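Enquirer: Give me the fold of what follows.
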Amino acid sequence: MSKVLLVIPPYYEYTFPTLGTPALCAFLRQNGIHAEQADLNLKYRDFLAGHISGFSIDASEKRVFLSNILKKFFKEKLKGRYYSQFLVRENDGIFPYLPYDDNTNGSFCFAERLLSSEYLWRYLEDGAENTFSQFYEKEKILDFLDRGRFGLLGISIISPSQAIASLTLGMLVKKHLPHIHVSIGGQWPTLYRDALSGNKDFFRCFDSIIVFEGETPLLRLAVAIKDKRNIQDISNIILKDAASDAPHRQISEDLNLLPCPDFDNMDLDGYDGARDGKRKVTYEASRGCYWSRCAFCTDVPLPRPAYREKRPELVARDIKRLKERYGATHIFLSDPGVSPRHMEAISEAILKEDVKITLWCMARLDPDFNYRIFKLAARAGFEQINFGFESAGDRICDLLDKGNKKERSLRIIKECSKAGIRVDLQTILGLPTETFNDGMETIDFLVTNKKFISDVTFNIYYINPANLIYQNPAKYGIECEEDPSLPFRYFTPFKNPRGMTANEACLLQQLYASYFKEKDDRNGKIQLDETLVFAKAASADHLEFTLNGESVKMGRLYNDETSMLLDEREEPIVDCVKNGLGLKDIHSSLAEAYSKDEIEPLFYNLIEGCLKSEFFVRKG
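Expert: As a prediction, the model looks like this:
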């Protein structure tokens, strides 16, 4: 039984396939190992969507509505269960003070709290309440493993949101198919390797943990299992009773020897990113980070790996193969930051191969970037660059060793935009010692230079494990609120005595949004004497979601162009509009269901949303 099955467990990304299992599968197959892969995360999404019922709704529409209806379900239902205390609620003192917007059993909050509780093992084996267990039963994953005569199951865990699903799967396999070796790997096990290996009970769910880079360790593990040899001394692998220092002897792969990722058996059209007919896949042209100094970085966790680049001609060869073999039209380079020199060389290689492709990547605002490189990259297919901007304040960037300078950043942004490449900026508010005035400098920079910037992604700063700030918070002027009872915590609360609060950071984000909202609406203000009527044969019905003996309903409002879900308290507005009532009447009807403070923002947000979605038309 030398066959290997690699899986991406729930609950993760639906936009495009992750790179973990395709890269590992390709490497194993290149070395003569029979390997298969499955994105169980996609199947789990469809499993949950299958619990939605309603008039005339197809599978694709169910996927669109799933997130909203799940949020309502977990917020309002499943109260009084033994695990309910681990489901984040808006009034529990945790949300919204930490970024736990997701309140499902796949949330970061649920995982970190359940993993440290006395109820963990009960939940992992609870087929009546654990939806992951129900999903594996429906998919008959144990039968598939048994019939396929697999000897090794590899579970790729990238995010804390996959932890409970992964342990559930591992426990099922170890209980019913103990002859199969279960190994977990990925960023999450690497981040929490000490917490996992320090509690031997976790080895009830797996036999080994692969930390850091996984290609060679997984190959050696598969070969050892096939040949029934000792696996004690394989580097990057942690075992329950290992006495050697093998996990600490890290293996760094030579990227030039790694094959093109293998997306065989992946449902590339099942990802949300393929809705518009575009096939998107992930690829890496380098590992590590050539800067590797940002104090807040968790993407390149400590100890940080050495930076390595794949030769440009090999990158172009692989990109050409991904297009020809899988029909890929868009490729996301998942490198933490593509260097100017590497971008230039890759672009030249792609043009030489005459590959017509669209590329998106992440990069630093590196001083070596210039208009010539960007123009070359645009010709090669680079459509968008997501720059790590973080802050316009030079003092903040210096403190965090970001390496950005405001004036230089502006030059790079302008030259990238001028070359025809979309500029997306990753921005963090509430960084250590960052004052409200510092934050205003960032907002002013973004507003002033908006014509060069396609999009801005705001993040409210929180401390994550395995970075320099986490290791030495005093150096950066903050105070962490540690909780030893939560060894798997991902977001660490902290005090920023010399900087702004999280609420002030949120306010700055709202100020930025309101500036452009005001500009967009300056010629389209809603008047209270206007009447709204249904447009283009719009109609309404209800959707129902049922799980674990509970159910919720949401109103569905739709026409030929688009759809939206409404909560119960919003439905009287639909009745008003269907009857052709004016906005004054709609506004009045809200008073029956909402407090005074809630009415104004809800009224304008909802009605403006209806107008923009073309469900309704105005009649003044």
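
Enquirer: Report the residue spans of this structure with pLDDT below the cut-off.
Expert: 1, 95-97, 243-249, 517-528, 534-537, 560-562, 577-579, 581, 605-606, 608-620 (pLDDT under 70).

Enquirer: Give me the domain ranges for it.
Expert: Here the domain parsing of the chain from automatic domain parsing is 3-73+81-255, 278-520, 531-619.

Enquirer: Count the residues that sit near residue 348.
Expert: 17 (other Cβ atoms under 10 Å). Every C-beta, even on glycine, is put in place using the N, C-alpha and C of the backbone.

Enquirer: tell me which element it falls in.
Expert: Element membership of residue 348, judged by DSSP states H and E, is helix 340-353.

Enquirer: in that helix, what's buried?
Expert: Buried residues in helix 340-353, counting neighbours by 16 or more other Cβ atoms under 10 Å, are found at 340, 342, 343, 344, 345, 346, 347, 348, 349, 350.

Enquirer: what's it packed up against?
Expert: Under the contact definition 3 or more Cβ pairs under 8 Å, 6 or more residues apart in numbering; DSSP states H and E, helix 340-353 sits against helix 312-326, helix 371-380.

Enquirer: what's next to that helix, contact-wise?
Expert: Helix 340-353 is contacted from outside by 285-286, 309, 312-313, 315-317, 319-320, 338, 357, 361, 363, 366, 368-370, 373, 376-377, 379-382, using Cβ atoms under 8 Å, 6 or more residues apart in numbering.

Enquirer: Now do the following helix or strand past it and helix 312-326, the angle between them.
Expert: Following helix 340-353 in sequence order, the next helix or strand is strand 358-363 (DSSP H and E). Interaxial angle of strand 358-363 relative to helix 312-326 (axes from the mean of the first three to the mean of the last three Cα atoms, to 10 degrees): 130 degrees.

Enquirer: residues of strand 358-363 that come out buried?
Expert: For strand 358-363, the neighbour count (16+ other Cβ under 10 Å) marks 359, 360, 361, 362, 363 as buried.

Enquirer: does the closest residue to the second one other than its chain neighbours count as helix, strand or coil?
Expert: Of all residues beyond its chain neighbours, the one nearest residue 360 is residue 384 (4.5 Å), with distances taken as Cβ to Cβ, 6 or more residues apart in numbering. Secondary structure of residue 384, reduced to three states by DSSP: H, G, I helix; E, B strand; the rest coil: strand.

Enquirer: now the helix holding residue 348 and helix 312-326, what's the angle there?
Expert: Interaxial angle of helix 340-353 relative to helix 312-326 (the same axes, to 10 degrees): 50 degrees.

Enquirer: so what's the residue nearest to residue 360 bridging to?
Expert: residue 360, residue 422 (DSSP bridges).

Enquirer: what about the helix or strand hosting residue 556, distance to the chain center?
Expert: Assigned by DSSP H and E, residue 556 belongs to strand 550-558. Centroid displacement of strand 550-558 relative to its chain, using Cα atoms, centre = their mean, to the nearest Å, is 26 Å.

Enquirer: again with stretch 356-370
Expert: With Cα atoms, centre = their mean as the basis, stretch 356-370 stands 21 Å off its chain's centre.

Enquirer: same question, stretch 495-507
Expert: In terms of Cα atoms, centre = their mean, the centre of stretch 495-507 is found 25 Å from the chain centre.
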